[in-house]
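Chemist: Fold the following, please.
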Amino acid sequence: MGPTTGFGGEYIDKSGVGVGAELATAGWNTSTNGNLNWIGLGSANLSYHFFLKNMRNHAVPFVSGGYTNFFGQDTDTAGGNKTNGFNLGGGVDLFASKHIGARFDVRYNAHGGRILWASFPNLSQFSFVGFRIGVTFR
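Modeler: Next up, the predicted model:
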């Protein structure tokens with residue numbers, strides 16, 4: 001699809017359970033048939049962070065999943081505007097200092113209907129994987 005960008009936040013309690021939300025955009029270019037293939041997505045997620053004792057101060061792996069709402073270009077689907085989906089993923093927070101680190105995340109976003117139907121008319125459903133890099137604070 002192309003580049004993606006977004007922002008979000010997450011609260012993590014001492015047990016490792018996190019609650020987060022994000023807003024993002026995906027695809028800033030045109031498809032082979034000349035139509036735009038831009039969509040936006042908002043998500044609400046639950047996560048679990050594995051605070052491993054031997055790596056507690058340097059690396060924190062996590063898993064995440066939740067609800068995704070797709071909006072924008074061609075997200076209306078025949079039969080009822082199904083713009084709801086889900087996401088699953090995981091990654092690691094790497095801390096170079098006590099309070100600031102880098103976040104590496106891979107997320108699978110799925111939608112059960114036909115979004116982006118004008119750009120990709122032969123697809124019966126659409127899903128994508130995103131690799132994300134971010135900044136994390138603690």
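
Chemist: Who is the residue lying closest to Phe104 once chain neighbours are set aside paired with across the strands?
Modeler: Of all residues not flanking Phe104 in the chain, Gly91 sits nearest, at 4.9 Å (C-beta to C-beta, 6 or more residues apart in numbering). No exception for glycine: its C-beta is placed from N, CA and C like everyone else's. Under DSSP bridges, the beta-bridge partners of Gly91 are Phe62, Asp105.

Chemist: Could you measure from Gly91 over to Thr83?
Modeler: Distance from Gly91 to Thr83, counting by C-beta to C-beta, to the nearest Å: 26 Å.

Chemist: With Ser15 instead?
Modeler: Between Ser15 and Thr83 the computed distance is 33 Å (C-beta to C-beta).

Chemist: Looking at the two, which one has more neighbours?
Modeler: More neighbours surround Thr83 than the other of Ser15 and Thr83, with 18 against 9 (other C-beta atoms under 10 Å).

Chemist: was I right about the more buried one contacting Tyr67?
Modeler: No: assessed by C-beta atoms under 8 Å, Thr83 is found out of contact with Tyr67, at 11.2 Å.

Chemist: So Ala21 lies in a strand, does it not?
Modeler: Yes: under DSSP: H, G, I helix; E, B strand; the rest coil, Ala21 sits within a strand.

Chemist: Now do the contacts for it.
Modeler: Gly8, Gly9, Glu10, Gly42, Ser43, Ala44, Asn45 (C-beta atoms under 8 Å, 6 or more residues apart in numbering).

Chemist: Apart from its neighbours in sequence, what residue is nearest Gly85?
Modeler: Spatially, and ignoring its direct neighbours in sequence, Gly85 is nearest to His111 (3.9 Å; C-beta to C-beta, 6+ apart).

Chemist: Quickly list what that neighbour is bridged to.
Modeler: Beta bridges link His111 to Gly85, Phe126, judged by DSSP bridges.

Chemist: who's the residue lying closest to Val17 once chain neighbours are set aside bridged to?
Modeler: The shortest distance from Val17 to any non-neighbouring residue, by C-beta to C-beta, 6+ apart, is to Tyr48 (6.0 Å). Beta-bridge pairing for Tyr48 (DSSP bridges): Val17, Val63.
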